[in-house]
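Asker: Next input, structure requested:
(2 chains)
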Number of protein chains: 2
Amino acid sequence: MQGTRLDTARIRAARRVIDPIFLDTPLYRCEALERVLGCMVSVKLETANPVRSFKARGTEVIASLLAGDGSGAVVCASAGNLGQAIAWSGRGRGLDVTVVASRFAPRAKLDRIRALDARLELVDGDFDLARERAAAIARHDGIRLVEDSLDIETCEGAATIGLELVDAAPSFDAVLIALGGGALATGVGHVVKSLAPQTEVICVQPLGAPAMTLSWRRRRVVTTGSTDTIADGVAGRRPIPAVLDDLLVVADDAVLVQEASIIAGMRMLLDHAGLVVEPSAALGVAAILEDRDRFAGRHVVTIVCGSNVDVDAYRRWVGAAPVHGS
Amino acid sequence: MQGTRLDTARIRAARRVIDPIFLDTPLYRCEALERVLGCMVSVKLETANPVRSFKARGTEVIASLLAGDGSGAVVCASAGNLGQAIAWSGRGRGLDVTVVASRFAPRAKLDRIRALDARLELVDGDFDLARERAAAIARHDGIRLVEDSLDIETCEGAATIGLELVDAAPSFDAVLIALGGGALATGVGHVVKSLAPQTEVICVQPLGAPAMTLSWRRRRVVTTGSTDTIADGVAGRRPIPAVLDDLLVVADDAVLVQEASIIAGMRMLLDHAGLVVEPSAALGVAAILEDRDRFAGRHVVTIVCGSNVDVDAYRRWVGAAPVHGS
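Answerer: Purely as a prediction, here's the structure:
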């Protein structure tokens, strides 16, 4: 494998500063899902923790570094999950946390950021506008800007999931990873391609927010004008060049899925696995639904990366009749 | 503490024969629940595994013993979760598994028992009738009868949850445990009262299936004529004397809750924790809802013991408007 910005020894070291509550998350086969999806399916569950997403793996690394060097304040842009995670990690270490988010982000995510004692600033635009605003705050206040996927600690934290996957036996034929900014995909992908290269690394993004996938396919950054997806956690328009470079090394494929498949995936995870997930966490199941032949009989693991949904919206999405079969 | 049938050294030994996929389950504070319940709430999550309940901790112990002594067949009565668990544990060890259940048990539980290659026999009556039928099969066929809560391995398996709770820091003020046959309550209770005696052990049962609670209160076995609760997992009528004896030693209290509180508890776990649970797993939250003053400001842990629900029934129970506050 070509080099990436990640380093496996550093990822192993990251495990030692992450609160164990976020590590060694459940990983198990879900046979009820297998019967409807036609392949062996293991779930890597990143929702059973205080922030209900995988993001704290990275923010624990960041916050421990900041606390260690005496930094008192940090600002980040967030689609919602990073903000909760940095608020949680920062609160425990006495950091002053500011989160910038879109006012269109799910209310549950925004409420939980506030509840974790972070300062929350809303922008009248999308995640990429929040990124600009967070950078401006960092410059103005002279405080640390955390940039998801660009800051290597966010990738290293996510990569600890990869360590837990490659330790599993038997090994997987493919790992399905939600693709947004790329921290999860490049982090997990780096570990998988380094330590279990026979496992296919497949990134999954909504058709309505395809910037990183299009960039991966064209091998250069492609930005898009707007996004149109319920998968708010992965809805970016402006891929980061350094992250794309890593993704080009570690991803075997990047696929785009329709909104209807994301919703069907959420329903299947509820009906057959008893799991409430946010749309981004259903991308893996959506990818199987859209290409059953590709996965038939193989053993895939899908990272269920978050469960922060507005309950009303969730009920609208999955409230129809249960999904039997497909 | 007076003696019980349980022994902490044997419980520690049990951990070594249980598939690790069922051990060291998530244990985390849920602040969103805390805001609506008025106390510190930690969740011990027993649903993120292949059988979606804690029962496999016990069946792993049983199946490993049976496989070790060359026994080839086993029969048990089950409300649904034990049957799935013994089917899972038995399949992996080449055992021939028969499960007897009520035909009124949730369809999802029955379907999953069959899907795990067990022979399923339905009786036209409740769980206690299934117990009689399972005993008759065992006598007739000369095979091992597994009796939930009476067979010490079922209690020892459940008790491994207790080991994980007492290892947590800080310690808990109270642990809320669903009470049915008593394996979970006596197992966890034994460990907690042995190793963290300051923690209050509170058992929770539905008003509609109160036999064990009434027995605990009167210190003698009280049977009831029928049950009337959606909490199918804990709906027994005939407490087992030896189990009651242990419960009298380890339980600080046994409380009864209304059906409306169980449903409100399920809704709160969905709305504020993103967890789908079966009714029995909401008993702890129901107990808090019915006696907020008792728990105000204290740190309680509730064991979310299962998530095997019929999705249609679940939607009926929690499908109304989200619960904000109470």
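Asker: Low-confidence stretches in the stretch 201-326 of chain A?
Answerer: A:320-326 (pLDDT under 70).
Asker: need the helices for it, in chain order.
Answerer: A:211-218, A:241-250, A:259-273, A:283-290, A:292-295, A:311-318 (DSSP state H, counting those that start in this stretch).
Asker: from the ones you listed, which stretch is densest packed?
Answerer: helix A:283-290 (a mean of 27; mean count of other C-beta atoms under 10 Å in any protein chain shown). All C-beta atoms are positioned from the backbone trio N, CA, C, and that covers glycine.
Asker: Specify the stretch among the helices of the stretch 201-326 of chain A that is closest to A:Ser194.
Answerer: The minimum distance between A:Ser194 and the helices of the stretch 201-326 of chain A falls on helix A:241-250, with 8.6 Å, by C-beta to C-beta.
Asker: Give me the contact list for the closest one.
Answerer: The contact list for helix A:241-250 (C-beta atoms under 8 Å, 6 or more residues apart in numbering or on different chains) reads A:1-6, A:149-150, A:155, A:179, A:181-183, A:185-186, A:189-190, A:192-193, A:201, A:203, A:212, A:215-216, A:219-221, A:254.
Asker: cool, and stretch A:29-37?
Answerer: Residues external to stretch A:29-37 that are found in contact with it (C-beta under 8 Å, 6+ apart): A:40-43, A:268-269, A:272-273, A:285, A:288-289, A:292, A:295, A:323-326, B:50, B:112, B:115-116.
Asker: Need the CA coordinates for that stretch. PDB is fine.
Answerer: Written as PDB, here are the backbone C-alpha positions of stretch A:29-37 (Å, rounded to 0.1, in the frame of the first residue of the first chain):
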ATOM      1  CA  ARG A  29     -23.600 -11.000  13.100                       C
ATOM      2  CA  CYS A  30     -27.200 -10.200  12.500                       C
ATOM      3  CA  GLU A  31     -28.800 -13.200  11.000                       C
ATOM      4  CA  ALA A  32     -32.300 -11.700  10.700                       C
ATOM      5  CA  LEU A  33     -30.700  -9.000   8.400                       C
ATOM      6  CA  GLU A  34     -28.800 -11.700   6.500                       C
ATOM      7  CA  ARG A  35     -32.000 -13.400   5.500                       C
ATOM      8  CA  VAL A  36     -33.400 -10.300   3.900                       C
ATOM      9  CA  LEU A  37     -30.100  -9.000   2.400                       C
END
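Asker: Could you tell me how far it lies from the centre of the chain?
Answerer: 23 Å (C-alpha atoms, centre = their mean, to the nearest Å).
Asker: In that stretch, which residues are buried?
Answerer: In terms of neighbour count (16 or more other C-beta atoms under 10 Å in any protein chain shown), stretch A:29-37 has its buried residues at A:29-34, A:36-37.
Asker: how about the residues of chain A near chain B?
Answerer: A:21, A:24-32, A:35, A:43, A:45, A:47-50, A:52, A:112, A:115-116, A:270-271, A:274-276, A:307-309, A:311-312, A:315, A:319, A:322 (C-beta under 8 Å from any C-beta of the partner chain).
Asker: which of those are buried?
Answerer: Buried, going by 16+ other C-beta under 10 Å: A:21, A:25-32, A:43, A:45, A:47-50, A:52, A:112, A:116, A:270-271, A:274-276, A:307-309, A:311, A:315, out of the residues of chain A next to chain B.
Asker: Of the buried residues of stretch A:29-37, which belong to helices?
Answerer: A:31-34, A:36-37 (DSSP state H).
Asker: Run through the strands of chain A in chain order.
Answerer: Applying DSSP state E to chain A gives strands spanning A:27-29, A:40-45, A:73-77, A:96-102, A:119-123, A:144-146, A:174-178, A:200-206, A:253-257, A:299-304.
Asker: Tabulate those (a markdown table), appending distance to B:Ala87.
Answerer: As requested, the strands of chain A are arranged in a markdown table below (distance: least, C-beta to C-beta, whole Å):
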| stretch | distance to B:Ala87 |
| --- | --- |
| strand A:27-29 | 14 |
| strand A:40-45 | 18 |
| strand A:73-77 | 47 |
| strand A:96-102 | 46 |
| strand A:119-123 | 48 |
| strand A:144-146 | 47 |
| strand A:174-178 | 28 |
| strand A:200-206 | 32 |
| strand A:253-257 | 34 |
| strand A:299-304 | 21 |
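Asker: Tell me which of these approaches B:Ala260 most closely.
Answerer: It's strand A:40-45; of those, that one is closest to B:Ala260 (C-beta to C-beta) at 30.5 Å.
Asker: ok and that closest one relative to strand A:299-304, angle-wise?
Answerer: 20 degrees (axes from the mean of the first three to the mean of the last three C-alpha atoms, to 10 degrees).
Asker: what pLDDT, on average, does strand A:40-45 get?
Answerer: For strand A:40-45, the mean pLDDT works out to 98.
Asker: Compare the strands of chain A and report which one is nearest to B:Ala134.
Answerer: strand A:27-29 (28.0 Å).
Asker: ok now the closest one, how far from the chain's centre?
Answerer: For strand A:27-29, the distance to the chain centre is 19 Å (C-alpha atoms, centre = their mean).
Asker: again, but for stretch A:68-87
Answerer: Relative to its parent chain, stretch A:68-87 has a centroid offset of 16 Å by C-alpha atoms, centre = their mean.
Asker: Quick one: end-to-end length of it, please.
Answerer: In stretch A:68-87, first residue to last residue: 17 Å (C-alpha to C-alpha, to the nearest Å).
Asker: Please apply the same query to stretch A:137-152.
Answerer: End-to-end for stretch A:137-152, by C-alpha to C-alpha: 21 Å.
Asker: Stretch A:31-45 too?
Answerer: Using C-alpha to C-alpha, the end-to-end distance of stretch A:31-45 comes out at 15 Å.
Asker: And stretch A:119-133, by the same measure?
Answerer: Separation of the first and last residues of stretch A:119-133 by C-alpha to C-alpha is 14 Å.
Asker: buried ones in that stretch?
Answerer: By 16+ other C-beta under 10 Å, the buried positions in stretch A:119-133 come out as A:120-121, A:123, A:126-128, A:130-131, A:133.
Asker: Any idea how many residues pack against A:Glu147?
Answerer: If you count neighbours by other C-beta atoms under 10 Å in any protein chain shown, A:Glu147 ends up with 18.
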